[in-house]
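Asks: model this:
(one chain, ligands or ions: 1)
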Amino acid sequence: MSSPVPLGFSADEVVNNVNLGLVVVDRDLQILLWNDWMSRHSRIGREQALRQNIIALFGEQLTPGFLRALNNAIGYGLPAILSSAFHRSPLPLFVEQDKSDVPVRMHQSIIMTPLRSDDGQPTCLIQISDSSTSVKREKMLMSHSDALKREAITDSLTGIYNRRFFDESYALALRDAKRNHTSLSVLMIDIDYFKQYNDHYGHGEGDRALKLVANVLRAQMRRPNDVCARYGGEEFIMLIPGFTDVQAEKFAEGLRVSVSDLGIPHEKSQSGAHMTISVGVCTMTPDVSSDGTALLDSADEALYRAKKQGRNQVVSGV
Ligand SMILES: Nc1nc2c(ncn2[C@@H]2O[C@H](COP(=O)(O)OP(=O)(O)OP(=O)(O)O)[C@@H](O)[C@H]2O)c(=O)[nH]1
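Replies: Next up is the predicted model:
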């Protein structure tokens, strides 16, 4: 064995300056080493800790996972890693706080390494690192990514789903409908004479009306797989699985009435004194080769006919 290179300072200096908790216990679980990091984060000084049994020192605050790993290390020479993902805070250690005096329990990652003392007795080195910061960072990233996901599928003006979400939902619903031989209904909804509304009342009032209509449409959704989305400017789309064509038509008529009942004045409309919508509705049970285009085209074509026939009405596609 090569002779050690002189450090110029004691090993204690290193032990007490690492940014890591270091504890060594013997076969009777007596503490043989307790570094400064442990004193700072446990609020138990070295003098108080040394020669104490670690279980007696921490009492019932030690978690069963920690005790099991320690027994395996001492009894069977098995190393162990307690990751903070599964064992949040096995030891009663606390994060150093700048501002508040309220103690915050530290998230920890722990490594247990079985060692043999000079006289061949089993001992265990316990290394503890603070994973609170990485846990916090992970939580922050997760909440950011949730917010981004929500933003990506939401229409910013009305707060209902956007076309992208509809397209994704439609692909999934189509797959389910083909597999289960169930029906899908698509409703295309368009506000009547909206250009005239904007021109007459101003773009701001137009935005407000769009929000009101979007809200009343969304409120009609009953089941978790129903989707209501803004499809374009003043156009909305709905996807309802499991309706018969008669049920879908009745539902579409309910939408038409609910928007009309909002009573949004529209002096320039030629289909009534209030804001109205036209709806094209189509129901199909897609066959295995269907790519879903026929259903969308058919609902679109029905909407076109509703407009052509005078607006403020529901037309069914075939
Ligand atoms: N205020 C507002 N207006 C919008 C928005 N998106 C689209 N529009 C307007 O919606 C109007 C749509 O006009 P058209 O496609 O001619 O439809 P319409 O006037 O409703 O006519 P019909 O559908 O045939 O009854 C245009 O004037 C667009 O500027 C929006 O986000 N806010």
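
Asks: so which strand or helix has the residue nearest to the spatial centre of the chain?
Replies: By Cα atoms, centre = their mean, the mean C-alpha position of the chain lies nearest to Asp146, the distance being 4.6 Å. Using DSSP states H and E, Asp146 sits in helix 132-152.

Asks: list the contacts of that helix.
Replies: Under the criterion Cβ atoms under 8 Å, 6 or more residues apart in numbering, residues Ser84, Val95, Val104, Met106, His107, Arg164 lie in contact with helix 132-152. The C-beta positions use only the backbone N, C-alpha and C, and glycine is treated the same way.

Asks: please flag which of those residues sit within helices.
Replies: The members of these that map onto helices under DSSP state H are Arg164.

Asks: okay if I get the contacts of helix 132-152 as a markdown table plus neighbour count, distance to Ser131 and pLDDT?
Replies: Compiled in a markdown table, the contacts of helix 132-152 are given as follows (neighbours: other Cβ atoms under 10 Å; distance: Cβ to Cβ, whole Å; pLDDT from 0 to 100):
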| residue | neighbour count | distance to Ser131 | pLDDT |
| --- | --- | --- | --- |
| Ser84 | 20 | 4 | 72 |
| Val95 | 15 | 11 | 85 |
| Val104 | 11 | 13 | 83 |
| Met106 | 23 | 8 | 89 |
| His107 | 20 | 5 | 88 |
| Arg164 | 13 | 36 | 94 |
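
Asks: for the contacts of helix 132-152, which one is nearest the ligand?
Replies: Minimum distance to the ligand across the contacts of helix 132-152 is 16.4 Å, recorded for Arg164 (Cβ to the nearest ligand atom).

Asks: just checking, the closest one touches Ile153?
Replies: Yes - using Cβ atoms under 8 Å, Arg164 is in contact with Ile153, at 6.2 Å.

Asks: need the residues of the stretch 201-318 of the chain near the ligand, please.
Replies: Counting by Cβ under 6 Å from any ligand atom, the positions of the stretch 201-318 of the chain adjacent to the ligand are His203, Gly206, Asp207, Leu210, Gly233, Glu234, Lys307, Arg311.

Asks: quick one: the strands in the stretch 51-200 of the chain?
Replies: 80-82, 94-95, 104-105, 108-116, 122-130, 184-191 (DSSP state E, counting those that start in this stretch).

Asks: which residues sit against the fifth one?
Replies: Meaning strand 122-130. For strand 122-130, the external contacting residues (Cβ under 8 Å, 6+ apart) are 19-27, 32-33, 37-38, 41, 70, 73-75, 77, 91, 93, 95, 106-117.

Asks: how does it look with 6 Å?
Replies: With Cβ atoms under 6 Å, 6 or more residues apart in numbering as the test, strand 122-130 has contacts from 20-21, 23-27, 73-74, 106, 108-115, 117.

Asks: that older thread, any chance of the contacts of helix 132-152 in a markdown table, plus distance to Val318?
Replies: Shown next, in a markdown table, are the contacts of helix 132-152 (distance: Cβ to Cβ, whole Å):
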| residue | distance to Val318 |
| --- | --- |
| Ser84 | 60 |
| Val95 | 67 |
| Val104 | 65 |
| Met106 | 66 |
| His107 | 61 |
| Arg164 | 28 |
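
Asks: give me the domain ranges for this protein.
Replies: 11-137, 153-316 (automatic domain parsing).

Asks: which of the ones you listed has the lowest mean pLDDT?
Replies: Among the domains of the chain, domain 11-137 carries the lowest mean pLDDT, at a mean of 88.

Asks: circling back: so for the ligand, which of the strands of the stretch 51-200 of the chain sits nearest?
Replies: Between the ligand and the strands of the stretch 51-200 of the chain, the shortest gap by Cβ to the nearest ligand atom is with strand 184-191, which sits at 5.0 Å.

Asks: helices or strands up against that closest one?
Replies: Where contact means 3 or more Cβ pairs under 6 Å, 6 or more residues apart in numbering; DSSP states H and E, strand 184-191 is packed against strand 235-241, strand 277-284, helix 293-308.

Asks: for those, which one ends up most surrounded?
Replies: Most buried of those, by mean neighbour count (mean count of other Cβ atoms under 10 Å): strand 277-284, with a mean of 26.

Asks: next one: that one to chain centre, how far?
Replies: 33 Å (Cα atoms, centre = their mean, to the nearest Å).

Asks: which neighbouring elements make contact with that strand?
Replies: Counting by 3+ Cβ pairs under 6 Å, 6+ apart, strand 277-284 packs on strand 184-191, helix 245-262, helix 293-308, strand 314-316.
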